[in-house]
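Undergrad: Here is my input; please provide its structure:
(2 chains)
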Amino acid sequence: MTSGAAMPMVRFEKVTKRYGNLTVIDGLDLSIGRGEKVAMIGPSGSGKTTVLRMLMTLERIDGGVIWVDGEMLTHVERNGIAVPADTAHLRRVRGKIGMVFQHFNLFPHMTALKNCMEAPVTVLGMTKREAEERAGELLAMVGLADKRNHFPSQLSGGQQQRVAIARALAMRPKIMLFDEVTSALDPELVGEVLNVIRKLGAEHDLTMLMVTHQMGFAREFADRISFFHRGKIEEDGKPDDIFGNPKNERTRQFLHAVLDAG
Amino acid sequence: MLWDWEYALEILPILGKAAIITVEATFLGFVIAASLGLIFAILRMLGPAIATPVTILVELVRSTPLLIQIFFLYFVLPKFGVTLDAFTAGVLALGLHYATYCSEVYRAGLENIPRGQWEASTALNLGLFTTFKDIILPQAIPPVVPALGNYLVALFKETAIAVLELMQTAKILGSETFRYVEPITLVGVIFLIMSLVSAAGIRWVERVLNRRIMR
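TA: Below is the predicted model:
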């Protein structure tokens, strides 16, 4: 086993995902370094969201192996053979991963503060006091210190999404997944959420994977862009290369279409 | 004269005692129905190995008459060495019978919770127990309280069959004096008053729950 910085934080090894006869992810190989920020772009149905969902264990994979932080996520080794992981193993490894969803998925019956305290108290075993202090800090970090006692229904979409980011961070993840986190927002609220993500990238040593349709943000923020098409990565590279000088014909067509529309 | 006030007042305390037993039976029966129903509903969401036998049990109980279940508990179980007195058999049968109806109600509530709530719970690494206790049930139960309340009232009325206390007392009184109008009418009025009171109670619980859940 290799050690330290050379080991990728996330590695997909020939990962396949099918829904019935439809193959949505087709033998995907993908490796993401520690602290790397990767934006996944591509047409809808190209499998980018599925990649995040498989990593969060929201979808079972049908083939291949996913590695996280040097160990298998989807499998455990028994007598030298990799067998599908049990729930206890999944829970332990996915504790390193946090996720922010397109539709926020905040708990509607809890205040912003309680949303951020639930998992630290019940999963990490923090005391209420510690959890509340930490939740307060995180809400302040996303600019919502004054909204801590508000329920999600009393917050705007942008504010809800910022609470969701704070909630995920409260679990101290090493990897953060952002699944089209601005797609459900009114245009004027997109900026405040992107600013929080920028701040996260600048101040924390997080590995970040995002699926996004915000091409400008992807270009400016990400270390690397992966262009997905039909369950495969068609092209992968530095933002300036992908946006400035795409080599793949499909990448070029896609960028033309979205950049012209935007 | 069709209605004798003096006689009615004379039998009222006797019927009142019977009414208390009826309320006790209703309360105990509903506690069983509401909690066992929730357990059934949750078990039916787990894998097929657990869900299938529970579903079969629920359908079996739901599709056979309550009276047969009471007879079974009271007359058949002793053959297997379990002897229950009439009150216990009645309460258990009521509780089990209504638990199957309540389980359907809970199931509707549980199925209405958006998938995103489950996914957020997974992403936050909450355990299954915590997910149910803190995330799913607090959202699933308040909307189904009115439907549960209907079953409380129905269960209450069925105590007339299951525990018989009020009806039986009224019949005994009637057969002693050959006056049935007063006892049976009073039983009807007692049931009516208690139904109205419990319906008001349910509306109050609903209001309290709705105030707590903000959407």
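Undergrad: Show the subsequent helix or strand relative to the top helix by length along chain B.
TA: Longest helix of chain B, by residue count under DSSP state H: helix B:5-43. Heading C-terminal from helix B:5-43, the first helix or strand you meet, by DSSP states H and E, is helix B:48-62.
Undergrad: Point out the residues in chain A that sit beside chain B.
TA: A:56-58, A:91, A:94-95, A:97-99, A:101, A:103, A:105-109, A:118-119, A:122-123, A:151, A:153-154, A:167-168, A:171 (Cβ under 8 Å from any Cβ of the partner chain). Placement of C-beta: from N, CA and C, glycine included.
Undergrad: since we're on B:Pro65, how many residues are nearby?
TA: Neighbourhood size, B:Pro65 [other Cβ atoms under 10 Å in any protein chain shown]: 10.
Undergrad: Ignoring the adjacent residues along the chain, who's closest to B:Ala25?
TA: Spatial nearest neighbour of B:Ala25, excluding adjacent residues (Cβ to Cβ, 6 or more residues apart in numbering or on different chains): B:Val163 at 4.3 Å.
Undergrad: So for stretch A:174-187, what gets flagged as buried?
TA: Residues of stretch A:174-187 classed as buried under the neighbour-count rule (16 or more other Cβ atoms under 10 Å in any protein chain shown) are A:174-182, A:185.
Undergrad: Any regions of chain B where pLDDT drops low?
TA: Applying pLDDT under 70 to chain B flags residues B:1, B:212-215.
Undergrad: ok, which residues in it are in contact with chain A?
TA: B:114, B:116-117, B:119-120, B:122-127, B:130, B:134-135, B:138-139, B:212-215.
Undergrad: The residue nearest to B:Ala25: neighbouring residues, count only.
TA: Quick note: B:Val163 (other Cβ under 10 Å) scores 27 neighbours.
Undergrad: One more: the one 3 residues further on?
TA: B:Leu166 is surrounded by 27 other residues when neighbours are defined as other Cβ under 10 Å.
Undergrad: next one: B:Leu110
TA: Burial of B:Leu110 is recorded as 20 neighbouring residues (other Cβ under 10 Å).
Undergrad: contacting residues around the spatially most central residue of chain B?
TA: Closest to where the C-alpha atoms of chain B average out (Cα atoms, centre = their mean) is B:Phe30, at 3.4 Å. Neighbouring residues of B:Phe30 by Cβ atoms under 8 Å, 6 or more residues apart in numbering or on different chains: B:95, B:98, B:151-152, B:155-156.
Undergrad: Could you find the closest non-adjacent residue to A:Arg53?
TA: A:Glu59 (4.5 Å).
Undergrad: helix, strand or coil for the one you found?
TA: coil (DSSP: H, G, I helix; E, B strand; the rest coil).
Undergrad: So it versus chain B, what's the distance?
TA: Noted for A:Glu59: a distance of 10 Å to chain B, by Cβ to the nearest Cβ, to the nearest Å.
Undergrad: got the contact list for that residue?
TA: Contacts of A:Glu59 (Cβ under 8 Å, 6+ apart): A:17, A:50, A:53.
Undergrad: Show me the residues you listed that map onto helices.
TA: Per DSSP H, those map to helices at A:50, A:53.
Undergrad: and of the contacts of A:Glu59, the nearest to chain B?
TA: A:Arg53 (8.3 Å; Cβ to the nearest Cβ).
Undergrad: circling back to that earlier point, max pairwise distance over the contacts of B:Phe30: which two?
TA: Farthest pair in these (Cβ to Cβ) is B:Gly95 and B:Phe156. Separation: 12.7 Å.
Undergrad: follow-up on the earlier one: retrieve the pLDDT associated with the residue nearest to A:Arg53.
TA: Here the pLDDT value assigned to A:Glu59 is 95.
Undergrad: sorry, back to before: how about the buried residues of stretch A:174-187 in CSV, adding pLDDT?
TA: As requested, the buried residues of stretch A:174-187 are exported to CSV (pLDDT from 0 to 100):
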residue, pLDDT
A:Lys174, 96
A:Ile175, 97
A:Met176, 97
A:Leu177, 98
A:Phe178, 97
A:Asp179, 97
A:Glu180, 95
A:Val181, 95
A:Thr182, 95
A:Leu185, 94
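Undergrad: What residue in chain A is the furthest from its centre?
TA: By Cα atoms, centre = their mean, chain A has its most distant residue from the centre at A:Asn79, 32.9 Å.
Undergrad: For that one, give its distance to chain B.
TA: 26 Å.
Undergrad: How are the helices of chain B distributed by residue range?
TA: Under DSSP H, chain B gives helices at B:5-43, B:48-62, B:66-71, B:86-111, B:115-123, B:128-130, B:137-140, B:145-162, B:165-177, B:181-212.
Undergrad: and those helices, which is most packed in?
TA: helix B:86-111 (a mean of 21; mean count of other Cβ atoms under 10 Å in any protein chain shown).
Undergrad: what angle do it and helix B:165-177 make?
TA: Interaxial angle of helix B:86-111 relative to helix B:165-177 (axes from the mean of the first three to the mean of the last three Cα atoms, to 10 degrees): 140 degrees.
Undergrad: Which other helices and strands does helix B:86-111 contact?
TA: helix B:5-43, helix B:48-62, helix B:66-71, helix B:137-140, helix B:145-162 (3 or more Cβ pairs under 8 Å, 6 or more residues apart in numbering or on different chains; DSSP states H and E).
Undergrad: which residues sit in contact with the residue nearest the centre of chain A?
TA: Of all residues in chain A, the one closest to the mean position by Cα atoms, centre = their mean is A:Leu177, 0.9 Å from it. By Cβ under 8 Å, 6+ apart, A:Leu177 lies in contact with A:52, A:55-56, A:97-100, A:208-210.
Undergrad: Tell me which stretches of the stretch 51-200 of chain A form strands.
TA: Secondary structure of the stretch 51-200 of chain A (DSSP state E, counting those that start in this stretch): strands at A:63-68, A:71-72, A:75-78, A:81-84, A:97-100, A:175-179.
Undergrad: Give me the sheet partners of the second one and which way each runs.
TA: If I follow you right, that is strand A:71-72. strand A:63-68 (antiparallel) (DSSP bridges).
Undergrad: tell me how far the partner strand is from the chain's mean position?
TA: 16 Å (Cα atoms, centre = their mean, to the nearest Å).
Undergrad: again with stretch B:2-22
TA: Counting by Cα atoms, centre = their mean, stretch B:2-22 comes out at 26 Å from the chain centroid.
Undergrad: Give me the contacts around it.
TA: B:87, B:156, B:159-160, B:163, B:165-166, B:168-170, B:173, B:177, B:179, B:181-183, B:185-187, B:190, B:194.
Undergrad: Thanks a lot, see you next time.
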